[in-house]
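In: sequence first, then the predicted structure:
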Amino acid sequence: MRLLPSLAPDSVLRDIAFVQLLAGRITATLATQIQSVVVGWQLYSMTLDPLTLGWVGLAQFLPMALLVLPAGDAADRLPRRLILAASWLTQALAGVLFAALTLSGTDSPAGFYGVLVLFGMARAFAGPGMQSLLPQIVGEARLPKAIAWNSSAFQVAVIGGPALGGAVYLLGPSIAYVLCAALFLAASVSVGLIQRVLPSRADTTRQNAFKRFTAGIVYVRTRPIILGAISLDLFAVLLGGATALLPVYAHEILHTGPAGLGVLRSAVAVGAFTMGIYLGRNSLTRRAGSTMFAAVAIFGVATIVFGLSSSFLLSFMALVIMGAADMISVFVRSTLIQLATPDAMRGRVNAVNMLFIGASNELGEFESGITAALFGAVGAVVLGGAGTLVVVGVWMWLFPALRTVDRLDDVRTEPVDPAS
């Protein structure tokens, strides 16, 4: 009960609006993680085909890819708080539909893919809304600390969500889906109750819809530091993501059930949360660019170790290291993007970042499913980790400006050409 008085006077955790946003983020992420475990295990049990897991990722990625640029434009023109609340409310509806499909007794994954499309559409609006709302609540001076706490809170939910999802699955997938719907509803209410936000600098340029939608792409393309950071994440995680194949490892290699799968999925978040707490207490003050590249390289090595492991403990530790390394990359990339983007462009630039993240995660799941079908799960993960190391070397050569970034707070916004 004495935690709050011990906080520094300028701590973002004293800001009730930030705490409300944080609560919504934790709750929605917890629901997403539970749902991911349940959908993955349920559909893989139906088909016993690794490609099924690839279709799960593709069903979410394609609608997100189609809608994320208009969603970014909406976040620069409409109240970001309401966009985020509506998105989480739609994801609650998806949970209800998953439960209805399960109770219907269907043995076909087609209906589940349809609901995943709806879920992906909602996520297209949640990403830009969440990321562009954060600086509007805390301001730029407290933004790096807010990003660290926001990322750590995200990882708390990622730690608990998969393990909880595996446990609740034992009670029945329909119960898990109803729980997800309730959590998304709570997240929507939490962010909807936020009353104080800083005024946004709305985009007042007179452009047609196409130019507005693509303005974020133009901005990112002409800023090598931002382009290098988000494209590094895209290709590294696209190749090195092993989490999509965790149901295969749990089922066929490590010989554990849905509870063990939940523990494995939580391992990445354990590493990320630990690193997030460290970054929240010890700011990354120097050599930010080279540190980011080193972290991605460690991620690739740990991926190879996980791919070759047949020991549950070694696999768990490799996933922990992957999570810690990825957290460093996420922190550097997120801070660079927010500080280097004017507020009137944050929705659209974060939409581009969301598109890259979605490609690396959901499209990466599809890539993992394809390569696992061709080379087996072990071959797919090991090749992916090796590919990540190659990407690190190539990107250090292609983006020297990113490699030589020293202090994060030296990066500031650049003027936007209205005609671009």
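Out: Now that the structure is in, tell me what you want to look at. Predicted model, so just to flag it, every value in this text is computed and none were measured.

In: and the longest helix for this structure?
Out: Secondary structure assigned by DSSP state H gives helix 364-398 as the longest helix of the chain.

In: report the buried residues of that helix.
Out: Buried residues in helix 364-398, counting neighbours by 16 or more other CB atoms under 10 Å, are found at 364-369, 371-372, 376-378, 380-389, 391-392, 395-396. Where C-beta positions appear, they are placed from N, C-alpha and C, glycine not excepted.

In: ditto for stretch 65-81
Out: Using 16+ other CB under 10 Å as the test for burial, stretch 65-81 gives 65, 67-78, 80-81.

In: stretch 86-105 now?
Out: Neighbour counts using 16+ other CB under 10 Å place 86-99, 101-102 of stretch 86-105 among the buried residues.

In: next helix or strand past the host helix or strand of residue 51?
Out: Assigned by DSSP states H and E, residue 51 falls within helix 50-75. Counting by DSSP H and E, the element after helix 50-75 in chain order, helix or strand, is helix 80-103.

In: from the chain's centre, how far out does that following helix sit?
Out: Taking the mean C-alpha point of helix 80-103 and that of its whole chain, the gap between them comes to 18 Å (CA atoms, centre = their mean, to the nearest Å).

In: how near is residue 14 to residue 138?
Out: For residue 14, the distance to residue 138 equals 11 Å [CB to CB, to the nearest Å].

In: the more surrounded of the two?
Out: Taking residue 14 and residue 138 together and counting by other CB atoms under 10 Å, residue 138 has the greater number of neighbours (23 against 12).

In: show me what the longest helix of the chain is packed up against.
Out: Helix 364-398 makes packing contacts with helix 50-75, helix 224-240, helix 288-308 when contacts are defined by 3 or more CB pairs under 8 Å, 6 or more residues apart in numbering; DSSP states H and E.

In: okay, the shortest one in PDB with CA atoms only?
Out: The C-alpha trace of helix 224-240 is given here as PDB (Å, rounded to 0.1, in the frame of the first residue of the first chain):
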ATOM      1  CA  PRO A 224      16.900   6.200 -42.800                       C
ATOM      2  CA  ILE A 225      17.100   5.700 -39.000                       C
ATOM      3  CA  ILE A 226      13.300   4.900 -38.700                       C
ATOM      4  CA  LEU A 227      13.300   2.800 -41.900                       C
ATOM      5  CA  GLY A 228      16.400   0.800 -40.800                       C
ATOM      6  CA  ALA A 229      15.000   0.200 -37.300                       C
ATOM      7  CA  ILE A 230      11.600  -1.100 -38.400                       C
ATOM      8  CA  SER A 231      12.800  -3.100 -41.400                       C
ATOM      9  CA  LEU A 232      15.500  -4.800 -39.200                       C
ATOM     10  CA  ASP A 233      12.700  -6.000 -36.900                       C
ATOM     11  CA  LEU A 234      10.600  -7.100 -39.900                       C
ATOM     12  CA  PHE A 235      13.200  -9.400 -41.500                       C
ATOM     13  CA  ALA A 236      14.900 -10.600 -38.300                       C
ATOM     14  CA  VAL A 237      11.600 -11.700 -36.700                       C
ATOM     15  CA  LEU A 238      10.100 -12.900 -40.000                       C
ATOM     16  CA  LEU A 239      13.000 -15.300 -40.400                       C
ATOM     17  CA  GLY A 240      13.800 -16.000 -36.800                       C
END
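
In: show residues contacting the next helix or strand after that helix.
Out: Taking DSSP H and E as the definition, the helix or strand that follows helix 224-240 towards the C-terminus is helix 246-248. Counting by CB atoms under 8 Å, 6 or more residues apart in numbering, helix 246-248 makes contact with 40-41, 44, 50, 53, 261, 264-265, 372, 377, all of which sit outside it.

In: could you do stretch 270-289 as well?
Out: 144-145, 148-149, 151-152, 155-156, 158-159, 291, 319-328, 330-332, 336, 402-408.

In: any of these buried? List them.
Out: Buried subset of the contacts of stretch 270-289 (neighbour count, 16+ other CB under 10 Å): 144-145, 148-149, 151-152, 155-156, 158-159, 291, 319-328, 330-332, 336, 402-403, 405, 408.

In: nearest spatial neighbour of residue 140, skipping sequence neighbours?
Out: residue 339 (7.0 Å; CB to CB, 6 or more residues apart in numbering).
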